[in-house]
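[1] please find the sequence and the predicted model below.
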Amino acid sequence: MSEPIVEVVGVYNADGGVLGELAYVIGHVLGRAECSLCDVTHGGVRRRPEWDEMVAGLPVPVRLVHRNETTTAERAAAAAAGLPVLLGVRADGTLTTLVPASRLAAAHGRVEDVGAALRSALAAEATA
């Protein structure tokens, strides 16, 4: 039996910091940058309240990071899975993909779709 998931880490397909976020906004407007996790968690420049409500109902905490803010292990797992991604952190520190980039893209910014996918992945992990 695998170790339980103790945290979810969402990795944006964008860099953090003033310059990183500015580059993303400009790239997004020009159609050169895309992050489906950004589309789910943010509406414009503000965080979506429905995202925060969904996360509050999960059995584990969720941490969101930009790709340049990841740990070495998170960076490796995200590179293997593709960005953006929602990763599960197990009690022993290992990482697993919970919601891949393709599923985040298929949600088209709908929090409820990503929430359902994430709850389903967490439930599957709990019974594995």
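    Everything's here; your move.
[2] in this protein, where is pLDDT below threshold?
    Applying pLDDT under 70 to the chain flags residues 1, 17-31, 33, 44.
[3] which SSE is immediately downstream of the helix or strand that contains residue 86?
    According to DSSP states H and E, residue 86 maps onto strand 85-90. Remark: after strand 85-90, the chain's next helix or strand is strand 95-99, criterion DSSP H and E.
[4] so for stretch 59-70, what gets flagged as buried?
    Of all the residues in stretch 59-70, those buried under the rule 16 or more other CB atoms under 10 Å are 60, 62, 64, 65, 66, 67, 69, 70. Yep, even glycine has a C-beta here, placed from its N, CA and C like the rest.
[5] need the max-distance pair from the residues you listed.
    Among the buried residues of stretch 59-70, the pair separated by the greatest distance (CB to CB) is 60 and 67, at 21.6 Å.
[6] related to what we said a few turns ago, restricted to strands, list the buried residues of stretch 59-70.
    The strands, defined by DSSP state E, take in 62, 64, 65, 66 from the buried residues of stretch 59-70.
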